[in-house]
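*Asks:* Predicted model and sequence below, questions to follow.
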Amino acid sequence: MVLHLIIRRLFFLVFVLLGLSLITFTLSHVVPSDPARMIAGPRASPEAVEKIRKDYGLDRPLHEQYIRYMAGVIRLDFGESLSSRRPVNQDLKRYLPATVELTLYAMLFAVVAGIPLGVLSAVKRNSLLDGITRTISVLGLSIPSFWLALMLQFVLFAQLGLLPDGQRLPIGVKEPPTITTLYTVDALLSGQFGLFLTALKHLAMPAFVLGFGSLAIVTRMVRSGMLEVLGQDYIRTARAKGLEQKTVVIRHALKNALLPAVTVIGLQIGLLLGGAVLVEIIFSWPGIGRYAFTAIQNFDYNAVISVTLIIGFAYVTVNLLVDIAYVLLDPRIRVT
Amino acid sequence: MTAEPRVTPEPQILPLGLTERAARRRGPLVTLVDFARQSPLNLLALGLIALFVFLVVFGGTLAPHDPIKPNIQLKLHAPSSTYWFGTDELGRDVLSRVMSGAKYSLGVAVIILSIALVIGVVVGALAGYLGGLADEVLMRLTDLFLAFPALILAMAIAAALGRSLQTAAIALTAVYWPWYARLVRGQVLALKEREFVEAARALGASPGRVLLRHILPNTTAPVIVQLTIDVGYAVLATAGLSFLGLGAQPPTPEWGSMIAGARTVFREAWWYISFPGLALTLTVVGFNLLGDGLRDYIDPRTRRRAW
Amino acid sequence: MERRHPEHYLDLLLGARAGRLTRRQVLTRGLRLGLSTPAILSLLAACGQQEEGGAAPAPTSAPAAGQTPAPGATATGERRLSDNRDFVVAFSGGVPDLDPQSAYDNQASALFLACYEMLIALKGESTFEYEPMLAREWSQNDDLTEFTFKLAPNAKFHDGTPCDAEAVKASFVRFRRMERGPYNVISRFVDNPEEQIEVVDATTLVFKMTKPEPLFLAAMASEYGPLVVSPAAMEQHKTADDPYAHEWFAQNIVGTGPYKAVEILPQERFVFERFADYHSEPPFFDRIIARVVVEDATRRQLMESGEVHGCAYINPEDLLVMRDNPALQVVEYDTTEVDWIRMNYAKLNAKARQGFAYAWPYQEVIEQVLRGYGKPINGPIADTVIGYDPSIPTYTTDLEKAKQLLTEAGIREGDTFTYMFATGDATDSAMAQLFQANLAQIGITLELQQVDRAALLELAYGDSPPEERPHFMSAGWWPDYNDSWNQMYPNFHSDSVGSKGSNAMFYQNAEFDRLMDQLQVAESEEEIRELTGQIVKILTWDDPAAIFYAQIKKATVLQADIRGFTPNGIYINSFPFWHMWREAT
């Protein structure tokens, strides 16, 4: 069952990657720009531009360029960034971890805050807490992230000076040695607790903004899942048997309500990876979202395609993992 | 899209045609009143939406000042009795710009979803009804678009086609249609086997007629719920693109581009960034509440859940 | 594009600084006396010295309003040095090409001043006096045909190889022969570097000219191009395709400067550490960190939070606020940059262009958008540049006149025109909208199009035909030399259209070209003034090329404890890192 699912999805993954690359490639080549001139820089002579066009294979027909590019991608070589003139791989190695760390903390926040909020507001239905939770959950889905980000910057950074306005670490602070590439984890692993706190402080605002929407969704899923479960016969029976409220909630209701929440959490991770663009831009967060935005502005299409592929890959993979988790957790469910 | 996350529409089957039948029996106004009376949140949702729809239609006309013409001597004035929401970096009345901006932010979102809906319904209905190879091909295509990082796809399209509100709308249509395709397909698949469809078929209705007259009308309820919620997200997405300079161009008073304009001066002029953002938030709150309310209203099982 | 990322350097700006005689005054007086340029140069130098200690402060030794305060010295005259020896500077964009003999970019050159060296550098704020850099001494013969440089005997490159006269020669040969970016800085004087540059001994180098070249020293002090790179590194990294190892130098730094690069992330940051074998007095700062901060708002925030110590890219609007911040110093200085709106020569006839020039909101832009960081100007030549002619009238806004001219030009109410500017540029956006509003008043629609910087560069340097270009595009420029020809040639001459220069709107006027060709070989100051006057009149009034709306004033923001910074009208937006230090507080 699971094996079948995995094989099917692997085929799909290949299809998605091909499709994504093809679409992005086409899109970036209808852009009215001349990458050769971009590389050559201002005032390059026509000969110099011509030479670069040849060197980079930009004079070849489009399909040939595409095949050449994809041949590289198979070997995990995403080509050279046209604006930084470095291998895209090098750039990705730098920027991807920043996005991953941000996303993880955003989800961590959503889960750690969302599940208890959802449970409590279901248990104490129609209480003040429930009201607040539901307000948060509507706001989380409604506030524009870029606006929230700017407002927080205004209040927490500019007015109160509580949190840094962005970036992963203060300028001039040395990064922790690379172990996992996540600054917070690496700082802890190398025993630099101060650095860990600094990195955490820098993560606070962007992770909060990015995770706020997911928090709303998680809370919502948990609450409605709990409500449904709490209304069911076996819970009523359990309660009738005189089990303590706490036991009922934790042992029975939460377990059953968590399943849909797990799905949503998984899907959110996939979405957030690609969705951090605005947050990254506002908080000067050196992640792949911001990288992709800059790349699009510079018509740096090797970089754009690579980011698209990576996020697409992550999305499909996360989906697959969620489905597997689903199958394993709930044998009644059949996923195709 | 992006950090405006959405719940994945799981192929959920809601009791079908309830609203319609109810409406037919009691008239739309009665239904509306009934809906509003069900929960204060529903009333709030309707109120907010009524306000912003009103602004879409009349906002430009009723604006107390010219939303476009700069009056630079008045730049960045704080809110006052003449300029309730203050003025922007070119001395324009922020209130007037917020009012006439509804047309762009909300109006465009509605257009985007209308087109996405048409594409989605066609693809989804065909895939679900025809099944087999057609289903496979159409749905893999749909999945492909779903796997695309939404904002990056939108940015790439906007960059390729040039920056304008139209391009942003095209880009977002490309983002939204697959969700409807998936939703509609799920519904069609489930409905295909239902008795009334079988009956129609047995009575000799052509496949097209079965699809158009018997199946599609019954997918309305879940689609409407999804649409309602998506209007909010599409408003956010349009504003997000405009914020990045990929959507509305100056001097268009689109809310997202107003926030972008306010960004360089927001430390000195809180009002300039606050009011367009509030307008955006309230619009989306309205649609989110309406979507929740509708879902509960249509689905009696969750009726008392009242999100 | 050009304006925010100017790719030019000023040459021999005779600008007398605030408080002294204006350059124009000096020039006018000098010309009235019938003096030649070199004579005026020396006169100006004398002015500076004579007035020192007078009512007006001299540029390099004493602070003027808004300038770096005098070094925080103790009573005994010693500097109270801070323990914090990092200097963090914020840039607004990445620097992809690090080859100093190829990059033609304002931010790149600011970076180069940390790690590469010219032979000589401009001294303090002066635009015509020099101080040693790689050369300890220099001299020229009387007819300005031979220039001799004595190098620092102990100079070394960051790769450990010695920087002797041979190495300097090899570097200049590379600069001339590679023919990239700013190579006209050398090619104007040296056509045959192998012959014209002579190594006398290990520390002595002679440049031989083919004719008198009064501007040669000025060119050698330019931060664009005449920087010395390691020939050993070139030899090591050159390839058959790339004999000058440009690809390698585009990503690596091996110079003789006080700092060597330890981390290079072109789109993110550059970290420099003090170079142990530096040939002169070690600089104060241990590290120079250049950080790329794309967002305007973030740069300001980082200055205010104290994380960044210096930034030359701050919006006028923000500068106004930051001026009142006691934790910061805002150092303002005049430039020879003139900003303009190019008008499409192929799509708009002369009458139309005159009409549009009358419709521009001059006063509003200078007062409300540039917030005083600019003043009205009557053409592409700033009032600090030789050839500036005050008798040419300046446009003022006159919508009636505009309407009349546009009507005569055959433009009707309801016609639509396009105006292109870079995304996210608040200043451009505001100007464009004001222009749009003025045009709307006379029934003309202006469509604003934001495009990415890349797209603007594409337009400025690409070959797409003028018919496919917008009607208006914002730009700005400052001259390579204090020379009007140099300012106008790349922008308006018919030789410079499309990819051949920056004549992005295909301005082509035969009379202009003819006069320009005369100006290029003009021999006397009068002739230059005479010709420039005629030319500017054509560019501005007879057959307008652009809307010339302001001569620009710039500002660099520093933390209040930074000392030793002097702005220089030629090294625009750059920092003299080797002179700078931080006072203990």
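*Replies:* On my side now, so go ahead.
*Asks:* how far out from the middle of the chain is the host helix or strand of B:Gly59?
*Replies:* The secondary structure element spanning B:Gly59 is helix B:40-62 (assigned by DSSP states H and E). A distance of 14 Å separates the centroid of the chain from that of helix B:40-62, by CA atoms, centre = their mean, to the nearest Å.
*Asks:* Then stretch C:361-374?
*Replies:* Per CA atoms, centre = their mean, the centroid offset for stretch C:361-374 relative to its chain is 21 Å.
*Asks:* and that stretch, which residues are buried?
*Replies:* Burial within stretch C:361-374, assessed by neighbour count using 16 or more other CB atoms under 10 Å in any protein chain shown, is assigned to C:361-362, C:364-366, C:368-371, C:373-374. Backbone N, C-alpha and C define where each C-beta goes, glycine included.
*Asks:* can you tell if it touches chain B?
*Replies:* Yes. Stretch C:361-374 lies in contact with chain B when judged by CB under 8 Å from any CB of the partner chain; the contacting residues are C:364, C:368-369.
*Asks:* For C:Val254, give its distance to C:Gly160.
*Replies:* 10 Å (CB to CB, to the nearest Å).
*Asks:* higher neighbour count, the two?
*Replies:* Neighbours were counted for C:Val254 and for C:Gly160 using other CB atoms under 10 Å in any protein chain shown; C:Val254 has more, 23 against 10.
*Asks:* quick revisit: which of the residues of stretch C:361-374 next to chain B sits closest to A:Val222?
*Replies:* Closest approach to A:Val222 among the residues of stretch C:361-374 next to chain B (CB to CB): C:Val369, at 51.5 Å.
*Asks:* Contact partners for the residue nearest to the closest one when sequence neighbours are not counted?
*Replies:* Excluding its sequence neighbours, the residue lying closest to C:Val369 (CB to CB, 6 or more residues apart in numbering or on different chains) is C:Ala430, at 4.7 Å. By CB atoms under 8 Å, 6 or more residues apart in numbering or on different chains, the residues touching C:Ala430 are B:89-90, C:368-369.
*Asks:* 7 Å - rerun?
*Replies:* Under the criterion of CB atoms under 7 Å, 6 or more residues apart in numbering or on different chains, the neighbours of C:Ala430 are B:89-90, C:369.
*Asks:* cool, B:Lys192 as well?
*Replies:* Per CB under 7 Å, 6+ apart, neighbours of B:Lys192: B:129, B:215.
*Asks:* Kindly recompute the last result at 8 Å.
*Replies:* B:Lys192 makes contact with B:128-129, B:215, according to CB under 8 Å, 6+ apart.
*Asks:* what's the closest of the residues you listed to chain A?
*Replies:* The nearest member of the contacts of B:Lys192 to chain A, counting by CB to the nearest CB, is B:Gly128 at 14.1 Å.
*Asks:* What number of residues are in the vicinity of residue 239?
*Replies:* The chain I'm using is chain A. The burial metric for A:Arg239, expressed as a neighbour count using other CB under 10 Å, is 15.
*Asks:* if you could check chain C rather than the one you did, that'd help
*Replies:* Applying other CB under 10 Å, we find 11 residues neighbouring C:Thr239.
*Asks:* I'd assumed C:His246 was in contact with it.
*Replies:* No. The pair formed by C:Thr239 and C:His246 falls short of the contact definition of CB atoms under 8 Å, at 9.9 Å.
*Asks:* quick revisit: check which helix or strand covers the residue nearest to C:Val369.
*Replies:* Secondary-structure assignment from DSSP H and E places C:Ala430 in helix C:426-441.
*Asks:* can I assume C:Val200 sits in a strand?
*Replies:* Yes. Judged by DSSP: H, G, I helix; E, B strand; the rest coil, C:Val200 forms part of a strand.
*Asks:* residue of chain B with the smallest distance to chain A?
*Replies:* B:Pro149 (2.9 Å).
*Asks:* Quick one, grab the pLDDT at that residue.
*Replies:* If you check B:Pro149, the pLDDT there is 78.
*Asks:* residue ranges of the strands in the stretch 401-550 of chain C, please?
*Replies:* Under the criterion DSSP state E, counting those that start in this stretch, the stretch 401-550 of chain C contains strands at C:416-422, C:445-451, C:472-477, C:546-559.
*Asks:* and what of the stretch 1-150 of chain A?
*Replies:* Listed from the start of the chain, the stretch 1-150 of chain A has no strands (DSSP E, counting those that start in this stretch) to report.
*Asks:* Burial check on residue 231, number of neighbours?
*Replies:* Answering for chain A, as no chain was given. 12.
*Asks:* nope, chain C please
*Replies:* The criterion is other CB under 10 Å. On that basis, C:Pro231 has 21 neighbouring residues.
*Asks:* Next, the residue nearest to it when sequence neighbours are not counted: secondary structure please.
*Replies:* Counting by CB to CB, 6+ apart, the nearest residue to C:Pro231 once its immediate chain neighbours are dropped is C:Ala170, at 3.7 Å. Recorded secondary structure, C:Ala170: helix (three-state DSSP).
*Asks:* before we move on, the earlier item: nearest to C:Thr556, out of the buried residues of stretch C:361-374: which one, please.
*Replies:* Using CB to CB as the measure, the one of the buried residues of stretch C:361-374 that approaches C:Thr556 most closely is C:Tyr373, at 12.1 Å.
*Asks:* Quick check: that closest one vs C:Ile341, distance?
*Replies:* When CB to CB is applied, the distance between C:Tyr373 and C:Ile341 equals 17 Å.
*Asks:* repeat for A:Ser224
*Replies:* Separation of A:Ser224 from C:Ile341 (CB to CB) stands at 58 Å.
*Asks:* The two - which one has more neighbours?
*Replies:* Under the neighbour definition other CB under 10 Å, A:Ser224 and C:Ile341 were set side by side, and C:Ile341 has more, 24 against 18.
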